[in-house]
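>>> Test case, fold it:
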Amino acid sequence: MQEIGKETRLTRREKEVLLWAAKGKTAWETAVILNISRTTVLSHLKNARIKLDTTNVAQTIAEAISRSEIPS
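This is a model prediction of the structure:
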């Protein structure tokens, strides 16, 4: 994975999909809520994982919280 410093910022949409994932929503449910495609949701989750250098959604959520990117 590429090395990214702590200054990496998530986009508004990346934060939004992570917040819904943290609430237990699936990619499909999040897509319906945000009126976007499931593929787009998965793309935002993947981009967040890459930016935060994590391996799964749970770890990405935890890292985003620890960096104050999303509220706990």
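>>> from here on, contacts and neighbour counts on C-alpha atoms
Fine.
>>> Can you give me the buried ones in the helix or strand where residue 65 lies?
Under the criterion of DSSP states H and E, residue 65 resides in helix 57-66. With burial defined by 16 or more other CA atoms under 10 Å, the residues of helix 57-66 counted as buried are 57, 60, 61, 62, 63, 64.
>>> From the contact counts, what lies against it?
helix 12-22, helix 38-52 (3 or more CA pairs under 8 Å, 6 or more residues apart in numbering; DSSP states H and E).
>>> and the last one with helix 12-22, angle?
Spelled out, it's helix 38-52. 100 degrees (axes from the mean of the first three to the mean of the last three CA atoms, to 10 degrees).
>>> Just say helix, strand or coil for residue 32.
Using DSSP: H, G, I helix; E, B strand; the rest coil, the structure places residue 32 in helix.
>>> and it, how many neighbours?
For residue 32, the count of nearby residues is 13 (other CA atoms under 10 Å).
>>> now for the helices and strands packed on helix 57-66, which one comes closest to residue 72?
Between residue 72 and the helices and strands packed on helix 57-66, the tightest spacing by CA to CA is seen for helix 12-22, at 9.1 Å.
>>> Show residues contacting the closest one.
Applying CA atoms under 8 Å, 6 or more residues apart in numbering, the contact partners of helix 12-22 are 27, 30, 41, 44-45, 47-48, 57-58, 60-61, 69-70.
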